[in-house]
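K.L.:
here you go, sequence then predicted model.
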Amino acid sequence: MKLGLSSCSKPFSEELFQNYAAAGIAAMEISYHRAETDALDFAQAKRWAQAHGVELWSLHLPFAPFNIIDPSRPSLADKTVDYFIEVMRRANGEAGITRFIVHPSAEPIPDSDRALRMETSQRSLDRLATFADTIGAVICVENLPRTCLGNSSDEMLTLLTANDSLRVCFDTNHLLGEDFAPFIEKLGDKIVTTHVSDYDFEDECHWLPGEGRLDWQRLYQTLLASGYDGVWLYELGFAPPDDLPERTKDLTCADFAENAKKIFNGTL
């Protein structure tokens, strides 16, 4: 399986691409906050990617601040989608990026608002998928935790009914009320990319696999059995997380490559 890694707000530079290539990481997801995304030179990113043999696999559309960006909130949805379309237009036109990760909602969402927020999110996702079709791209809806929309396989299936072109980004550390096996079984061929990280089953943690409670062999084999042929793409910060005192040093690209090797060969 091809190895990928999110930029996760690491300073965007040619050195980042050099480090990916040196570690054997073949694919990058560009992921930054709104201001950084708006300032990105996608044409330069394409040149660096080509120079170092790293595929610009995907771009994570910004999902914060919640009071500005939310495709599920009626008062923000249209402006959010307009903004996303402009980002997609630039990223695709200047760098050829064809996969765009989107959060179907912000949070919190009270139960009394959930039906309306779901309906609004579906309209937003339909608009995004319709635009993506015109540029040869795909919208990858990410499963989310807590009160967010898409916090279960059933809600993900409901969101996907908005447009037949919608696909799924499976985040391994966002399932808080459901085992990953039925999630993968239900969504099957809709899963086209991943966000790989570990957690404690209490909340999302974005830890390195092996630092939390996930059974990585069972997850990896379940994903393979589903026919998944996308990337194994890590999404966690390089710096030690505040909620994991056991890790005291920054991760390197080589650390991610070594972690993936252990999972792929069955030793983790």
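P.N.:
Received it, and whenever you're ready, just let me know what you need. Numbering: from 1, shown residues only.
K.L.:
quick one: buried residues of the strand or helix carrying Asn92?
P.N.:
Using DSSP states H and E, Asn92 maps to helix 77-95. Within helix 77-95, the residues scored as buried using 16 or more other CB atoms under 10 Å are Ala77, Thr80, Val81, Tyr83, Phe84, Ile85, Val87, Met88, Arg90, Ala91, Asn92, Ala95. Glycine gets a C-beta too; all of them are placed from N, C-alpha and C.
K.L.:
and the contacts of that helix?
P.N.:
For helix 77-95, the external contacting residues (CB atoms under 8 Å, 6 or more residues apart in numbering) are 30, 37-38, 42-43, 45-46, 49, 56, 59, 61-62, 68-71, 97-98, 100, 102, 120-121, 123-124, 127-128, 131-132, 135-137.
K.L.:
let's go with 6 Å and repeat that
P.N.:
42-43, 45-46, 56, 59, 61, 69-71, 97, 100, 120, 124, 127, 131, 135, 137 (CB atoms under 6 Å, 6 or more residues apart in numbering).
K.L.:
so which of those belong to helices?
P.N.:
Phe42, Ala43, Ala45, Lys46, Thr120, Ser124, Arg127, Phe131 (DSSP state H).
K.L.:
tell me how many other residues crowd the fourth one.
P.N.:
Look at Lys46: counted by other CB atoms under 10 Å, it has 16 neighbours.
K.L.:
contacts only, for it.
P.N.:
Ala95.
K.L.:
also the first one?
P.N.:
Taking CB under 6 Å, 6+ apart, we find Phe42 in contact with Arg90, Ala91, Glu94, Ala95.
K.L.:
let's see that with 8 Å instead.
P.N.:
Arg90, Ala91, Gly93, Glu94, Ala95, Ile97.
K.L.:
same check on the third one?
P.N.:
Under the criterion of CB under 8 Å, 6+ apart, the contact list for Ala45 reads Phe12, Ile30, Leu56, Ala95.
K.L.:
returning to what we had before: tell me which two of the buried residues of helix 77-95 sit farthest apart.
P.N.:
The most widely separated members of those are Ala77 and Ala95, with 26.5 Å between them, by CB to CB.
K.L.:
now do stretch 241-250: everything it contacts.
P.N.:
Counting contacts by CB under 8 Å, 6+ apart, the residues outside stretch 241-250 that touch it are Cys205, His206, Trp207, Leu208, Glu211, Phe238, Ala239, Pro240.
K.L.:
which of those fall in helices?
P.N.:
Secondary structure from DSSP H places none of the contacts of stretch 241-250 in helices.
K.L.:
by neighbours, which of those wins?
P.N.:
Ranking those using other CB under 10 Å puts His206 first, with 24 neighbours.
K.L.:
now do it against Cys8, distance only.
P.N.:
Distance of His206 to Cys8, computed by CB to CB, to the nearest Å: 9 Å.
K.L.:
and if you look at Ala51?
P.N.:
Taken as CB to CB, the span from Ala51 to Cys8 is 22 Å.
K.L.:
check Phe131 too.
P.N.:
26 Å.
K.L.:
kindly report the same for Arg73.
P.N.:
As judged by CB to CB, Arg73 and Cys8 stand 26 Å apart.
K.L.:
more crowded one of the two?
P.N.:
Arg73 (21 against 18).
K.L.:
that one contacts Glu119, correct?
P.N.:
No - in this structure, Arg73 is not within contact of Glu119 by CB atoms under 8 Å, at 11.6 Å.
K.L.:
ok, the residue lying farthest from the centre of the chain to Gln18 distance?
P.N.:
Residue farthest from the centre of the chain, counting by CA atoms, centre = their mean, is Ser112 at 27.9 Å. Ser112 is 51 Å from Gln18, where distance means CB to CB.
K.L.:
cool, Asp189 as well?
P.N.:
From Asp189 across to Gln18, the span is 35 Å (CB to CB).
K.L.:
confirm that Pro182 sits in a helix.
P.N.:
Yes - membership of Pro182 in a helix is supported by DSSP: H, G, I helix; E, B strand; the rest coil.
K.L.:
contacts only, for it.
P.N.:
Neighbouring residues of Pro182 by CB under 8 Å, 6+ apart: Ser153.
K.L.:
gap between it and Leu214?
P.N.:
With distances taken as CB to CB, Pro182 is found 15 Å from Leu214.
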